[in-house]
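Engineer: give me a model of this one.
(2 chains)
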2 protein chains.
Amino acid sequence: MSEQKTLIVPAGRGLAMRLAEGETVSVVNVSGTQVVDTWAFCAENLDHVMSMEHSRVENGRLSAGVGGHYLTDRREPIIEVVEDTSPGIHDTIMAACDARRYELLGCRGHHRSCADNLREAMEAIGLPLSGKVPQPLNLFMNIPVGADGSLTQGAPLGEPGDRVTLKALRNCVVAFSACPQDITPINGHSPTDVEVVLGRMRTAL
Amino acid sequence: MSEQKTLIVPAGRGLAMRLAEGETVSVVNVSGTQVVDTWAFCAENLDHVMSMEHSRVENGRLSAGVGGHYLTDRREPIIEVVEDTSPGIHDTIMAACDARRYELLGCRGHHRSCADNLREAMEAIGLPLSGKVPQPLNLFMNIPVGADGSLTQGAPLGEPGDRVTLKALRNCVVAFSACPQDITPINGHSPTDVEVVLGRMRTAL
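Structural biologist: Down below sits the predicted model:
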């Protein structure tokens, strides 16, 4: 038996939540064009984090497919990909946008960012982040890698309603940012809301 | 006027040193088959580090070419590539090897690692690393990225004597590890010594 709870991450904002081992969370790309920066932290030690660089080594892939795992920076499994209805194009190599990124892009004044969204979201659940912003799993982000090592900022290639479902392989805290980037084309130039569907496995509790 | 000093990083070991702004360091791949994990830390704040994930975004490339810069995790320039006589194939996406990596590869007992080499090398110059091991710039490391996102552990493609020269764009500490990996083919299965040539620019002092 299980129950589901749907939450909205408003365009350009963040959301964090605890997940118990075995629980799932689906990230629904309502518009089809929205990148969602995603992080996971071990519940008992927020300094022990999901790590793209360690996951890439152990997986032999830039991102994990369905059935694949993301590992922590101690190379321990933390997240399993249990569903992906999108084309499966996700980024693990581009840093979260931050205030400085928008300055370098020529923005004047404040611009929301995924780094700030993560910090705000963690604070909102009483778990302020003391360390650095880890390299995120950038769901739906389309960064083609050229044979010459060039990186292109592409728009997402999926459809409205595409979803990725992640399962917690240990008690953890997950955080999402509906990326506010509106200067490069990575969100189709127009950041949108995202749905997050939390699957509580009551039988497992 | 300048002077040069040549140091040897023994196979499987590490070395760290201070570099003043404008000074250079050349990493010479004596065997042609040796990967050299490379880090840089701002001298006045070792927690402010060279960041591959931020460099990739700003450069639009996996690694920087000659004339290109590596940035810190605050997106500030720290290292310029001023010379590269190798084929220019360097990795920025694979985590440094560590004790756990060798356990997962089936090693029994202790195996030297780049993560341990970094910590030892920093301690040896009185600057112990308090934070995490950053994603290194893996000089000469050949990790072909497939169109499907697959990552192959290849052997270096250069020649004996290939060198990469890096210039400090600010006062910093640089560290190198002659990668001790002898299970995967990334060092041609046989880790070797590396030469590090420090270029002190006396006119700049």
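Engineer: neighbours of A:Ala175, how many?
Structural biologist: By the other Cβ atoms under 10 Å in any protein chain shown criterion, the neighbourhood of A:Ala175 contains 27 residues. C-beta here means a position set from N, CA and C on the backbone, and glycine is covered the same way.
Engineer: next one, pLDDT for it please.
Structural biologist: According to the per-residue confidence, A:Ala175 scores 98 in pLDDT.
Engineer: the closest residue to it other than its chain neighbours: how many residues sit nearby?
Structural biologist: Leaving out its chain neighbours, the residue that sits closest to A:Ala175 by Cβ to Cβ, 6 or more residues apart in numbering or on different chains is A:Ala16, at 3.9 Å. Taking other Cβ under 10 Å as the neighbour definition, A:Ala16 ends up with a count of 23.
Engineer: roughly how far does A:Ala16 sit from chain B?
Structural biologist: A:Ala16 sits 21 Å away from chain B, going by Cβ to the nearest Cβ, to the nearest Å.
Engineer: who's in contact with A:Arg100?
Structural biologist: For A:Arg100, the contacting residues are B:74-75, by Cβ atoms under 8 Å, 6 or more residues apart in numbering or on different chains.
Engineer: please, which helix or strand holds it?
Structural biologist: Take DSSP states H and E as the rule and A:Arg100 turns out to sit in helix A:99-104.
Engineer: please enumerate the strands of chain A.
Structural biologist: Secondary structure of chain A, counting by DSSP state E: strands at A:3-9, A:14-19, A:24-29, A:36-42, A:45-49, A:69-71, A:77-84, A:137-139, A:162-168, A:172-178, A:194-200.
Engineer: may I see those organised as a markdown table, with distance to B:Ser190 added?
Structural biologist: A markdown table is the format used below for those (distance: least, Cβ to Cβ, whole Å):
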| stretch | distance to B:Ser190 |
| --- | --- |
| strand A:3-9 | 50 |
| strand A:14-19 | 45 |
| strand A:24-29 | 45 |
| strand A:36-42 | 37 |
| strand A:45-49 | 34 |
| strand A:69-71 | 28 |
| strand A:77-84 | 32 |
| strand A:137-139 | 35 |
| strand A:162-168 | 40 |
| strand A:172-178 | 40 |
| strand A:194-200 | 49 |
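Engineer: which one, of the ones you listed, ends up nearest to B:His69?
Structural biologist: For B:His69, the closest of the strands of chain A is strand A:137-139, at 23.1 Å, according to Cβ to Cβ.
Engineer: quick check: residues of chain A near chain B?
Structural biologist: Proximity of chain A to chain B is confined to A:51, A:53-54, A:56-58, A:60-63, A:73-75, A:93-95, A:98, A:100-101, A:104, A:132, A:135, A:145, A:149-153 under the rule Cβ under 8 Å from any Cβ of the partner chain.
Engineer: same thing but 7 Å
Structural biologist: Listed as neighbours of chain B in chain A under the rule Cβ under 7 Å from any Cβ of the partner chain: A:51, A:53-54, A:56-58, A:60-63, A:73-75, A:93-95, A:100-101, A:104, A:132, A:135, A:145, A:149-151.
Engineer: longest helix in chain A, please.
Structural biologist: Taking DSSP state H as the criterion, chain A has its longest helix at helix A:114-124.
Engineer: could you export that helix as CSV, CA atoms only?
Structural biologist: These are the backbone C-alpha positions of helix A:114-124, laid out as CSV (Å, rounded to 0.1, in the frame of the first residue of the first chain):
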residue,chain,number,x,y,z
CYS,A,114,19.8,27.2,-8.2
ALA,A,115,22.5,27.6,-5.6
ASP,A,116,20.4,30.1,-3.7
ASN,A,117,17.3,27.9,-4.1
LEU,A,118,19.1,24.9,-2.6
ARG,A,119,20.2,27.0,0.4
GLU,A,120,16.7,28.5,0.9
ALA,A,121,15.0,25.1,0.5
MET,A,122,17.3,23.4,3.1
GLU,A,123,16.8,26.3,5.5
ALA,A,124,13.0,26.1,5.0
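Engineer: flag every buried residue along it.
Structural biologist: Residues of helix A:114-124 classed as buried: A:114-122 (neighbour count, 16 or more other Cβ atoms under 10 Å in any protein chain shown).
Engineer: paired strands for the helix or strand of chain A with the lowest mean pLDDT, with orientation please.
Structural biologist: The helix or strand with the lowest mean pLDDT-type score in chain A, counting by mean pLDDT, DSSP states H and E, is strand A:194-200 (a mean of 90). Neighbouring strands of strand A:194-200 in its sheet, by DSSP bridges, are strand A:3-9 (antiparallel), strand A:24-29 (antiparallel).
Engineer: pLDDT below threshold where in chain A?
Structural biologist: Low-confidence segments of chain A (pLDDT under 70): A:1, A:201-205.
Engineer: spatially central residue for it, please.
Structural biologist: A:Thr38 (1.6 Å; Cα atoms, centre = their mean).
Engineer: and it, what does it touch?
Structural biologist: Neighbouring residues of A:Thr38 by Cβ atoms under 7 Å, 6 or more residues apart in numbering or on different chains: A:27, A:136-137, A:139, A:174, A:176.
Engineer: quick check: closest non-adjacent residue to it.
Structural biologist: Nearest-residue entry for A:Thr38: A:Leu137, 4.4 Å, with adjacent residues in sequence omitted and distances by Cβ to Cβ, 6+ apart.
Engineer: I figured that neighbour hits A:Met94, correct?
Structural biologist: No: at 10.8 Å, A:Leu137 does not count as touching A:Met94 under the criterion of Cβ atoms under 7 Å.
Engineer: of these two, give the one with the bigger neighbour count.
Structural biologist: Under the criterion of other Cβ under 10 Å, the comparison of A:Leu137 against A:Met94 puts A:Leu137 first, with 26 against 21.
Engineer: run through the residues that contact that one.
Structural biologist: By Cβ under 7 Å, 6+ apart, the residues touching A:Leu137 are A:38, A:52, A:70, A:90, A:92.
Engineer: and these as JSON lines, adding distance to B:Pro180?
Structural biologist: Formatted as JSON lines, the entries for those read as follows, by distance: Cβ to Cβ, whole Å:
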{"residue": "A:Thr38", "distance to B:Pro180": "33"}
{"residue": "A:Met52", "distance to B:Pro180": "23"}
{"residue": "A:Tyr70", "distance to B:Pro180": "26"}
{"residue": "A:His90", "distance to B:Pro180": "32"}
{"residue": "A:Thr92", "distance to B:Pro180": "26"}
